[in-house]
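Trainee: what's the 3D shape of this:
(chains A and B)
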Amino acid sequence: DQQVKQNSPSLSVQEGRISILNCDYTNSMFDYFLWYKKYPAEGPTFLISISSIKDKNEDGRFTVFLNKSAKHLSLHIVPSQPGDSAVYFCAASALRTGANNLFFGTGTRLTVIP
Amino acid sequence: EAQVTQNPRYLITVTGKKLTVTCSQNMNHEYMSWYRQDPGLGLRQIYYSMNVEVTDKGDVPEGYKVSRKEKRNFPLILESPSPNQTSLYFCASTTWGQETQYFGPGTRLLVL
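Mentor: Residues are numbered from 1 along each chain as shown, chains lettered A, B, ... in the order given. Below you'll find the predicted structure:
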């Protein structure tokens, strides 16, 4: 049973516009959420994260929003650049249980069109 | 340079021929993990290790074995590979108090 879901397999955005990637989760024990970015032939690399005590975290062009009541998070990229084209994975963990295990979504392939 | 390395990067084998994929990290991390990535399924955890000699099953452990004899190494063993184990495999590591995991470059395995 997929505990973390990314319902959009792909997204295309014009350069300079906003990219919004969405993620939903089902496990209420999750208290930490991360976004990873993956280029072809490379491993996933950490992009940005958010703790469940916050509803927003910003790092440069990247902002993650968390809506705990809806069990939903989103990643906003503004402005989008061609180098942002990659597969983005949402992940969640239940750190308060003492576990480092990550549960991943299925990924969203973002294409930024120049 | 802090990194997670995996070998081999690409492997083609036949059903039933035992193989090992090595994983090594140079960051003194306690926690290490193996994932497989399949189309439409994302990354799924196979096994993880919280420290030397401590391993446990993830979501999809069937057909795999692991060992953690040294802190830096966490090999993934396929005793009798089958075609449904054709996949892209990632090793990852982290340390306590650090929420993010660091991933290796991946091993693409094809079992014929």
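Trainee: how many neighbours does residue B:99 have?
Mentor: 18 (other C-beta atoms under 10 Å in any protein chain shown). (Glycine included, C-beta is placed from N, CA and C.)
Trainee: no no, residue A:29
Mentor: For residue A:29, using other C-beta under 10 Å, the count is 14.
Trainee: From chain B, how far out is it?
Mentor: 15 Å (C-beta to the nearest C-beta, to the nearest Å).
Trainee: so that residue sits right up against residue A:93, yeah?
Mentor: No: assessed by C-beta atoms under 8 Å, residue A:29 is found out of contact with residue A:93, at 9.4 Å.
Trainee: which element is residue B:12 on?
Mentor: strand B:10-13 (DSSP states H and E).
Trainee: got the residues of chain A near chain B?
Mentor: Counting by C-beta under 8 Å from any C-beta of the partner chain, the residues of chain A close to chain B are A:2, A:4, A:6, A:9, A:32, A:34, A:36, A:41-46, A:49, A:89, A:91, A:93, A:95, A:100-107.
Trainee: Which one of the residues in chain B is closest to chain A?
Mentor: Nearest residue of chain B to chain A, counting by C-beta to the nearest C-beta: residue B:103, 3.4 Å away.
Trainee: Could you give the bridge partners of that residue?
Mentor: residue B:92 (DSSP bridges).
Trainee: Likewise for residue B:35?
Mentor: The residues that residue B:35 bridges to, once DSSP bridges is applied, are residue B:45, residue B:90.
Trainee: Distance of it relative to residue A:11?
Mentor: 23 Å (C-beta to C-beta, to the nearest Å).
Trainee: List the residues that contact the most centrally placed residue in chain B.
Mentor: Per C-alpha atoms, centre = their mean, the C-alpha nearest to the average position across chain B is that of residue B:34, at 3.1 Å. Neighbouring residues of residue B:34 by C-beta atoms under 8 Å, 6 or more residues apart in numbering or on different chains: B:23, B:45-48, B:58, B:64, B:66, B:74, B:76, B:89-92.
Trainee: Could you do residue B:71 as well?
Mentor: So residue B:71 contacts B:28-30, B:51-52 (C-beta under 8 Å, 6+ apart).
Trainee: any idea which element the residue nearest to residue B:11 when sequence neighbours are not counted lies in?
Mentor: Sequence neighbours aside, residue B:109 is the residue nearest to residue B:11 in space, at 5.1 Å (criterion: C-beta to C-beta, 6 or more residues apart in numbering or on different chains). Residue B:109 is part of strand B:107-111 when elements are defined by DSSP H and E.
Trainee: What strands flank that strand, and is each parallel or antiparallel?
Mentor: strand B:10-13 (parallel), strand B:87-94 (antiparallel).
Trainee: contacts for it?
Mentor: So strand B:107-111 is contacted by B:6-15, B:19, B:21, B:81-90 (C-beta under 8 Å, 6+ apart).
Trainee: now do 6 Å
Mentor: If you take C-beta atoms under 6 Å, 6 or more residues apart in numbering or on different chains as the criterion, strand B:107-111 is touched by B:6, B:9-13, B:21, B:81, B:83, B:85-86, B:88-89.
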